[in-house]
Each structure stands twice: as structure tokens, then as C-alpha cells.
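*Asks:* Got a predicted structure plus its sequence, pasted below:
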Amino acid sequence: MMNFQSTRGHRGVTSQQAVLDGIAPDGGLYVPARMPVLPYGGWAQASFAQVAARILDIWLPGFDADNWMADAYAAFDTPEIAPLVSVGPRHVLELFHGPTLAFKDVALSVLPRLMKKAADELRPGQEHLVLIATSGDTGSAALHGFSGVAGIRALAFYPFQGISAVQRAQMVTMEGRNVRACGIRGDFDDAQRGVKAIFADGMPGNVRLTSANSINIGRLVPQITYYYTAYAALVWAKRIAAGDAVDFSVPTGNFGDILAGWLAKAMGLPVGKLICATNANDALHQFFETGFYNRRRPLVKTLSPSMDILVSSNLERLLWHASGGDSILVRALMTELASKGAYHIDEALRQRLSQDLVSISVDDHQALDTIRSVYKQHRYALDPHTAAAWAGAEALGQSDRPCVVLATASPFKFPQAMAMALDVPDIGDTVDAGDRLADWLGVPVPEALADLADRPERHSDVIDADFMAAYVRKAVNEPW
Ligand SMILES: *Cc1c(COP(=O)(O)O)cnc(C)c1O
């Protein structure tokens with residue numbers, strides 16, 4: 001079935017092709033030719049995997065999701081996968097129970113299976129190499145997801161000095177003969193530029209490059225699941241009646257997580273407002289306020305590094321959907337973004353967006369204050385990304401309907417920021433910082449970090465950013 005097309009116009013693409021290629025040949029992102037519909041059906045008894053399989057099946061038919069979805073989530077540390085917990089007046093949707101403790105595990109537990117199946121069907125015998133540039137969370141989640149998948153290798157480049165000791169240890173100790181991590185002497189932008197250049201040049205021989213970053217439709221769709229399961233949990237707990245609207249507050253970077261919520265609403269889930277919470281890098285917040293998107297500004301390093309981003313790629317999909325599928329408009333805006341670093345939408349379209357979305361910018365100072373006060377009042381530790389969403393719910397949530405706060409990372413992934421907020425003594429940037437934080441909080445450290453300091457380092461390569469292409473050419477010709 002040719003059910004996908006590009007936001008910039010290219011048509012007639014199957015779900016297998018969309019997943020395998022990631023980006024459309026015209027530079028656009030894949031969107032469904034027709035919006036799938038799934039009204040909330042009161043599935044109190046359905047498991048997370050069952051809901052995930054159902055949604056995947058209507059979006060990306062042909063992957064037999066029912067057969068393997070429960071397996072895909074077997075590495076999560078709770079049977080609920082994404083539990084909804086009450087914290088004071090709010091509901092926190094914990095998306096960090098996967099193997100690398102960040103919400104990216106939810107989608108990256110599924111995407112490798114989709115890619116494997118698509119590769120087997122469309123290009124049997126071809127070798128695939130997934131190239132990743134990461135500032136932390138994506139690299140470990142992707143390597144974990146692809147570990148052990150036959151016929152696909154995954155290589156993550158990370159800034160050797162730009163990520164935390166915990167994040168680095170998660171990557172360099174990753175097991176699996178088909179995955180690798182390599183540090184570069186440079187920052188995340190250097191890593192990203194290097195990866196883009198390798199994609200532009202291609203690979204010689206029988207190796208095809210592909211990408212697992214959040215513009216892939218196969219990463220977006222699994223994220224729709226938890227909006228439905230959170231809604232079901234609220235109905236089940238009698239906090240709402242089926243059909244009542246619920247708001248969601250989402251810590252936002254590349255606009256993938258929150259776009260999944262927008263899609264859930266478009267599919268028929270009773271979503272009220274989606275609160276887009278950014279950190280000091282507030283290009284998105286400015287955009288929703290004024291209709292003007294501007295990436296010509298310095299990138300600020302914050303305590304929520306996964307939201308430190310200037311160009312939120314998935315916004316392109318929102319523009320396409322909200323403009324009624326106007327590929328000509330989207331192409332014009334994206335051309336302007338590429339050439340001038342900015343674009344402007346008209347007031348009618350901006351109004352349309354604001355029916356569903358409101359936004360806020362939460363700086364480090366406010367995030368630390370939020371972590372401190374929530375911990376003091378409720379003994380619940382929010383990580384710095386989730387703190388932005390909590391602050392967003394506080395400022396913009398409506399009193400007459402519940403607001404779900406999406407918790408995108410475990411606080412144990414960011415022990416130094418937690419120590420700053422909570423005045424925990426003696427926590428430095430070390431591999432065992434999570435254990436120290438756990439001791440102080442009086443809770444066990446998550447299983448996924450428990451023996452991190454003892455795991456053998458398997459990927460110790462560190463190279464100059466200029467050597468990335470040469471490194472990849474050599475790597476594909478040797479056994480891993
Ligand atoms: C990636 C990430 C985000 C941002 O999600 P987007 O889909 O890029 O908007 C927020 N918090 C954490 C912890 C993340 O890893």
C-alpha cells in the first residue's frame with residue numbers, strides 16, 4: 001500500500017520504504033496520506049504492548065506487530081511500561097523505565113524491528129549501517145535497540161567531552177557485536193555535521209546508510225501509544241469519564257514527543273491542550289507566540305541537554321498537517337529556513353496551531369526551583385527535563401481538567417543537576433554518581449545503572465571530527 005508521502009510533495013511510498021529511508025528524497029518528512037482514526041475505546045484491560053501494536057498496525061501496516069510487540073518491551077523494568085503516577089495534584093507519566101532510562105527507549109525498542117523487517121523485504125542481502133550523532137540519550141537508546149539485530153550495524157558518534165560520565169559509560173559499555181560507539185574531539189554539532197557529510201557522500205560497496213533519528217516515522221508512531229494508555233489510566237482511576245478532555249505537558253526539543261500527542265488528538269483521542277515546554281533555547285516558544293521561527297541565535301548549554309536544540313525538525317510535520325497538507329507552503333518555509341535561517345507563518349495558521357498548542361520557556365533557574373519545591377512538597381524527584389514540563393503544567397494547566405506531565409528521563413541520568421537542585425553533597429561527574437544520589441534520596445538506583453561502573457569498556461575509540469568518514473569506511477570493512 002502506497003500510504004505515505006513527503007511533507008514536501010513526493011508521493012506513493014509504502015510504510016516499509018518510509019521506515020527504511022527515514023527521510024524523503026525531496027528532503028521532506030514522511031506523513032500519512034490519510035490520517036488514521038482510532039477513537040478511545042475504553043480498553044482498560046489492554047496492555048501497553050497491545051495498544052502499541054494496534055496503533056502501529058493502523059499507521060504502518062504489514063509489520064505483524066502483534067507477534068513481537070510484547071518482546072520489544074521486555075527489557076523495561078515495570079510491566080506497565082509507562083506508569084502514570086499521582087504526584088500531588090498532577091499525573092506524571094513515567095517514560096523512563098526502559099534500558100537506558102530515557103523516553104527514547106519507548107520508540108527505539110520498536111524501530112530496529114521495523115527496520116529489520118523492511119530491510120529483509122525490500123533489500124534482502126543488503127547490509128545496513130545506522131549512523132547516529134548523539135548528545136547523549138539517543139546514542140545509548142539506539143545502540144541498545146539495535147544490539148543483536150542481524151544484518152544491521154549501528155554506530156554512534158558522541159562528543160568525547162560533551163556528555164556526562166553516566167551517559168558515556170552507558171554507550172561505551174554497550175554489548176552486542178553489531179553496535180559501536182566512537183568519541184570525537186569536538187562538540188555535538190561537529191558530530192552531526194560529520195554524519196551529514198557521510199550521508200551526502202554515501203558508502204562504497206554493499207553497505208547502505210540509514211538513520212534512526214527522530215524524523216523517522218517509525219520513531220514517531222510508537223510514541224503515540226502512551227498518550228492513549230495515560231488516558232486509559234485516568235479513566236480506569238475514575239479521574240475522568242471517557243470522553244473528557246485531558247491536557248499534556250511535554251518537555252520539548254526536536255518536537256517528536258509532543259507531535260505524537262498532537263497526532264493522538266488528530267486520531268480522535270480527547271486531548272485538550274498540549275503544553276510545549278522548552279528550556280532557554282526557546283525558538284519553539286517564540287514561534288508559537290509570534291508565528292516567527294528563528295534559528296539565528298546562539299545555542300545555550302543548559303541542564304536539560306536533550307532539549308538544547310535550534311531547529312526542531314518535526315515541526316515540519318505539524319505545519320503540513322495543520323495547513324491541510326499544503327506541500328507548497330511547507331517547501332517554501334523550509335527553503336527559507338535553509339537559506340535565511342528563519343521563516344514566518346500567517347496569523348490564520350498560527351491561530352490554528354494555538355487551538356491545540358500552548359508554550360512556555362523554562363530556564364535552568366526555574367527548573368532547579370521546580371525540582372526543589374516538588375521534592376520538598378511531594379518527595380518526588382523530577383529530572384531537569386521533566387521539571388520544565390511540570391513548570392509548564394503549573395503555569396498553563398487548566399483547573400477544570402487534569403494535566404499529565406510527561407517525565408522523559410530518570411533523575412538518575414542527571415545526578416549533577418539533581419545535586420544542584422537538592423543540595424546533595426559530594427556528587428561529581430562520575431560513573432557512580434547515580435548510586436550516590438540514590439543513597440541520598442533513600443531509594444534504590446535503577447537496575448539499568450546498578451552495575452554501570454563495573455561493566456567493561458568495549459568501545460574506547462576517540463578520533464578527530466575530521467576523521468569520521470575515514471573511520472566509517474574502515475569500520476564497515478572489518479568485523480566488529
Ligand atoms: C529527546 C528528549 C527530549 C525531547 O524530545 P523531542 O521528541 O526531541 O522533543 C526531552 N527529554 C529527554 C530526556 C529527551 O531525551
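*Replies:* Nice, I can see it.

*Asks:* Spell out, range by range, the helices that occur in the stretch 51-200 of the chain.
*Replies:* Listed in chain order, the helices of the stretch 51-200 of the chain (DSSP state H, counting those that start in this stretch) span residues 65-72, 104-108, 111-122, 137-146, 165-172, 188-201.

*Asks:* would TSV of these with mean neighbour count and distance to Ala156 be doable?
*Replies:* Quick note: C-beta positions are derived from backbone N, CA and C, even for glycine. What follows is these, written out as TSV (neighbours: other C-beta atoms under 10 Å; distance: least, C-beta to C-beta, whole Å):
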stretch	mean neighbour count	distance to Ala156
helix 65-72	18	20
helix 104-108	28	12
helix 111-122	21	13
helix 137-146	28	4
helix 165-172	24	6
helix 188-201	17	9
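
*Asks:* Nearest approach to Arg317 belongs to which of these?
*Replies:* helix 104-108 (14.8 Å; C-beta to C-beta).

*Asks:* Show me what that closest one is packed against.
*Replies:* In this structure, helix 104-108 packs against helix 137-146, helix 217-236, with contacts taken as 3 or more C-beta pairs under 8 Å, 6 or more residues apart in numbering; DSSP states H and E.

*Asks:* Is any residue of the longest one near the ligand?
*Replies:* No - with C-beta under 6 Å from any ligand atom as the measure, helix 217-236 is seen stopping short of the ligand, the closest distance being 7.6 Å.

*Asks:* Now that helix: buried residues?
*Replies:* 217-235 (16 or more other C-beta atoms under 10 Å).

*Asks:* residues in the stretch 201-350 of the chain within reach of the ligand, list them.
*Replies:* So the stretch 201-350 of the chain meets the ligand at 214, 251-257, 306-307 (C-beta under 6 Å from any ligand atom).

*Asks:* So which of those residues sit within helices?
*Replies:* Cross-referencing these against helices under DSSP state H gives 256-257.

*Asks:* ok, which pair from the residues of the stretch 201-350 of the chain next to the ligand is furthest apart?
*Replies:* Farthest pair in these, by C-beta to C-beta: Ser214 and Pro251, 13.8 Å.

*Asks:* Where does pLDDT dip in this structure?
*Replies:* Residues of the chain that meet the criterion pLDDT under 70 lie in 1-2.

*Asks:* let's go with 80 and repeat that
*Replies:* For the chain, applying pLDDT under 80 flags the ranges 1-2, 42-44, 136, 162, 189, 203-205.

*Asks:* Closest to the centroid, which residue in it?
*Replies:* The centre of the chain sits closest to Lys104, judged by C-alpha atoms, centre = their mean, with a distance of 4.5 Å.

*Asks:* for that one, what are its contacts?
*Replies:* Applying C-beta atoms under 8 Å, 6 or more residues apart in numbering, we find Lys104 in contact with 98, 137-138, 141-142.

*Asks:* quick check, nearest of the residues of the stretch 201-350 of the chain next to the ligand to Ser327?
*Replies:* Checking those one by one against Ser327 (C-beta to C-beta), the nearest turns out to be Phe255, at 18.8 Å.

*Asks:* quick one, phi/psi of the closest one?
*Replies:* phi 70, psi 20 (degrees, to the nearest 10).

*Asks:* Okay, it and Leu29: tell me how far apart.
*Replies:* 11 Å (C-beta to C-beta, to the nearest Å).

*Asks:* now Trp68
*Replies:* For Trp68, the distance to Leu29 - C-beta to C-beta - is 26 Å.

*Asks:* re the thing from before, CSV please, covering the contacts of Lys104 and showing distance to the ligand.
*Replies:* Output for the contacts of Lys104, formatted as CSV (distance: C-beta to the nearest ligand atom, whole Å):
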residue, distance to the ligand
Gly98, 11
Asp137, 4
Thr138, 7
Ala141, 8
Ala142, 12
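
*Asks:* Dump those into JSON lines; add distance to Glu478 as well.
*Replies:* Converted to JSON lines, the contacts of Lys104 look like this (distance: C-beta to C-beta, whole Å):
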{"residue": "Gly98", "distance to Glu478": "30"}
{"residue": "Asp137", "distance to Glu478": "28"}
{"residue": "Thr138", "distance to Glu478": "25"}
{"residue": "Ala141", "distance to Glu478": "25"}
{"residue": "Ala142", "distance to Glu478": "21"}
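
*Asks:* Strands along the stretch 1-150 of the chain, start to end?
*Replies:* Under the criterion DSSP state E, counting those that start in this stretch, strands of the stretch 1-150 of the chain are mapped to 4-6, 30-32, 84-87, 90-94, 127-133.

*Asks:* Spatially nearest residue to Thr173 (excluding sequence neighbours)?
*Replies:* Arg455 (3.8 Å; C-beta to C-beta, 6 or more residues apart in numbering).

*Asks:* and the one you found, how far is that from Val431?
*Replies:* Applying C-beta to C-beta to Arg455 and Val431 gives a distance of 9 Å.

*Asks:* Comparing these two, which residue is more hemmed in?
*Replies:* Val431 (18 against 14; other C-beta atoms under 10 Å).

*Asks:* Next up, the contacts around that one.
*Replies:* Neighbouring residues of Val431 by C-beta under 8 Å, 6+ apart: 165-166, 169, 452-453.

*Asks:* which one of the strands of the stretch 1-150 of the chain lies closest to Pro415?
*Replies:* Using C-beta to C-beta, those put strand 90-94 closest to Pro415, at 17.8 Å.

*Asks:* who's in contact with that closest one?
*Replies:* With C-beta under 8 Å, 6+ apart, strand 90-94 has contacts from 82-86, 226, 230, 234, 239, 248, 380, 382, 386, 390, 393, 397, 402-407.

*Asks:* And for the helix or strand Leu318 falls within, what's in contact with it?
*Replies:* Using DSSP states H and E, Leu318 sits in helix 315-322. Outside helix 315-322, the residues that touch it by C-beta under 8 Å, 6+ apart are 7, 28-29, 31, 35, 220, 255, 259, 262-263, 266, 284, 287, 293, 326-327, 329-330, 333-334, 345, 349, 352-353.

*Asks:* Show the buried residues in the residues you listed.
*Replies:* Looks like the contacts of helix 315-322 have 7, 28-29, 31, 220, 255, 259, 262-263, 266, 284, 287, 293, 326-327, 329-330, 333-334, 345, 349, 353 buried, using 16+ other C-beta under 10 Å.
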